[in-house]
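Q: Predicted coordinates and the sequence they were generated for:
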Amino acid sequence: MNKLALSAAVAALALSPVLSQAAPADDTSTATYGANVNPNWQDNFFVAGNLGQTQARTSELDHKNSVFQNVRFGWRWNGIIGPELGYVYLGRPKADIGNGLASLSAKPQAATIGLNAKYNFYQGWYVTGHAGYLRSRTKATLTSGDYQFRDQTWNNGLYAGLGIGYDVTKNVSVALNYDDYRIQTGNNTDTNLLGHSRTNIAAYSASVEYRF
């Protein structure tokens, strides 16, 4: 099963109780779902940063693991669900060509826009999920001896992810996360270094979130 579709499906399933159990902000008789819930919509903005490792799910690259970095800005209605914007750096996977005669590296990064949700299931513990659209730019470098050839391609794609974490304070949370990014390079008529391909890139990371 496609990793991206599986992540999106599990995220939707995990977050399905959120909307059904969310109480009106002025209902003081109903328990809230964690320290992040605030009835004032202006106080539900957040910024989150991730740092971890990526793994390119393709047989065409020899060195598939690389550094993962992500920053996201967003807002949640009642502290539960809302939109997000972000930027993600997916590392620099490489491939050796001709037993070391040359190497090809890819450097994918993307701007993202989507929906995010956070559900506190027990005191400060919570699960998160997010999914949406991405616009990627992938830079490619072919190196052979002292010579380098560079190229880049712009494409559309999708992303989805899940996380589990803990509210350290009302404003600060930490979490462990799994994300999947569907990256596309080139097209059927493109002659760039990477050709026309679609690759899933998995990301495993730790994150810190701050709520305003």
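A: Looks like it arrived, so ask away. Numbering: from 1, shown residues only.

Q: buried set for the helix or strand Asn155 falls within?
A: In this assignment (DSSP states H and E), Asn155 forms part of strand 147-167. The neighbour-count check on strand 147-167 (16 or more other CB atoms under 10 Å) flags 151, 153, 155, 157-163, 165, 167 as buried. (Each C-beta comes from the backbone N, C-alpha and C, glycine too.)

Q: Show the subsequent helix or strand relative to that strand.
A: Past strand 147-167, further along toward the C-terminus, the next helix or strand under DSSP H and E is strand 172-185.

Q: Check for me that Tyr119 belongs to a strand.
A: Yes. With DSSP: H, G, I helix; E, B strand; the rest coil as the criterion, Tyr119 is part of a strand.

Q: hang on, it packs against Leu162?
A: No. Counting by CB atoms under 8 Å, Tyr119 stays clear of Leu162, with 11.4 Å between them.

Q: where does the protein have its least confident helix or strand?
A: Using mean pLDDT, DSSP states H and E, helix 3-21 stands out as the lowest-scoring helix or strand of the chain, at a mean of 48.

Q: Quickly list what Gly114 is bridged to.
A: Glu84, Gly132 (DSSP bridges).

Q: Would you enumerate the residues in contact with it?
A: The neighbours of Gly114, taking CB atoms under 8 Å, 6 or more residues apart in numbering as the test, are 83-84, 130-133, 159.

Q: ok, the closest residue to Tyr133 other than its chain neighbours to Ser66 distance?
A: Residue nearest to Tyr133 in three dimensions, not counting chain neighbours: Ile113, with 5.6 Å by CB to CB, 6 or more residues apart in numbering. In this structure, Ile113 and Ser66 are 24 Å apart, going by CB to CB, to the nearest Å.

Q: and those two? which has more neighbours close in?
A: Just comparing Ile113 and Ser66: by other CB atoms under 10 Å the higher neighbour count belongs to Ser66, 22 against 14.

Q: Go ahead and flag the most central residue of this protein.
A: Asp179 (4.9 Å; CA atoms, centre = their mean).

Q: How about the contacts made by that one?
A: Applying CB under 8 Å, 6+ apart to Asp179 gives the contacts 7, 50, 70, 159-162, 202-203, 205.

Q: hmm, back to that, dump the contacts of Gly114 to CSV, plus distance to Ala106 and pLDDT.
A: As requested, the contacts of Gly114 are arranged in CSV below (distance: CB to CB, whole Å; pLDDT from 0 to 100):
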residue, distance to Ala106, pLDDT
Pro83, 29, 97
Glu84, 25, 98
His130, 24, 98
Ala131, 24, 98
Gly132, 22, 98
Tyr133, 21, 97
Tyr159, 17, 98
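
Q: What is the nearest of these to Leu101?
A: Leu101 lies nearest to Tyr159 out of the contacts of Gly114, by CB to CB, at 35.1 Å.

Q: Make sure that closest one is actually in contact with Ile183.
A: No. If you go by CB under 8 Å, Tyr159 and Ile183 don't touch, sitting 9.3 Å apart.
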